[in-house]
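J.: only geometry, no sequence info:
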């Protein structure tokens with residue numbers, strides 16, 4: 001993926017605006033196959049680190065879905081998912097559970 005677009009995408013993931021963060025997470029499915037292994041690892045690690053600090057239910061679901069998109073394309077292998085274990089249990093809602101369950105073994109294996 002072109003570096004300027006990639007850097008702008010990373011900035012959007014870190015935005016203070018919930019809508020921008022959510023939209024950036026949703027875009028992962030559009031370009032997941034364009035990411036190099038290094039780019040995918042950086043995105044995956046960043047998303048895993050951001051998820052425990054996300055206060056929006058919608059944005060958290062988008063982050064977890066982005067990780068699922070990376071996983072579905074085999075681009076999550078070297079990503080450290082252990083930070084997902086830091087998501088406060090009360091913040092994990094029904095819409096998040098399927099993602100958390102699918103990553104549970106990797107979260108536990110990293111701790």
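T.: Nice, thanks for sending it over. Quantities reported herein were computed from a predicted structural model and do not represent experimental measurements.

J.: contacts and neighbour counts: CA atoms only from here.
T.: OK.

J.: any low-confidence regions in this protein?
T.: 110-111 (pLDDT under 70).

J.: any idea how far residue 16 is from residue 98?
T.: Distance of residue 16 to residue 98, computed by Cα to Cα, to the nearest Å: 26 Å.

J.: Just the buried residues of the helix or strand that residue 100 is a member of, please?
T.: Following DSSP states H and E, one finds residue 100 within helix 94-110. Using 16 or more other Cα atoms under 10 Å as the test for burial, helix 94-110 gives 96, 99, 100, 103, 104, 106, 107.

J.: and of these, the nearest to residue 71?
T.: Closest to residue 71 out of the buried residues of helix 94-110 is residue 103 (9.6 Å), distances taken as Cα to Cα.

J.: With adjacent residues omitted, what lies nearest to that closest one?
T.: residue 81 (7.6 Å; Cα to Cα, 6 or more residues apart in numbering).

J.: what does residue 54 give?
T.: In space, residue 54 comes closest to residue 60 once its chain neighbours are excluded; the distance is 5.9 Å by Cα to Cα, 6+ apart.

J.: How far does the helix or strand that contains the one you found sit from its chain's centre?
T.: In the assignment (DSSP H and E), residue 60 maps to helix 57-72. Relative to its parent chain, helix 57-72 has a centroid offset of 5 Å by Cα atoms, centre = their mean, to the nearest Å.

J.: What is it packed up against?
T.: helix 18-31, helix 37-50, helix 94-110 (3 or more Cα pairs under 8 Å, 6 or more residues apart in numbering; DSSP states H and E).

J.: Between helix 18-31 and it, find me the angle.
T.: 20 degrees (axes from the mean of the first three to the mean of the last three Cα atoms, to 10 degrees).

J.: my read: residue 58 touches residue 23, true?
T.: No: contact criterion Cα atoms under 8 Å: residue 58 and residue 23 do not qualify, at 10.2 Å.

J.: Distance-wise, check the residue nearest to residue 40 when sequence neighbours are not counted relative to residue 46.
T.: Spatial nearest neighbour of residue 40, chain neighbours left out: residue 75 (6.0 Å); criterion: Cα to Cα, 6+ apart. For residue 75, the distance to residue 46 equals 14 Å [Cα to Cα].
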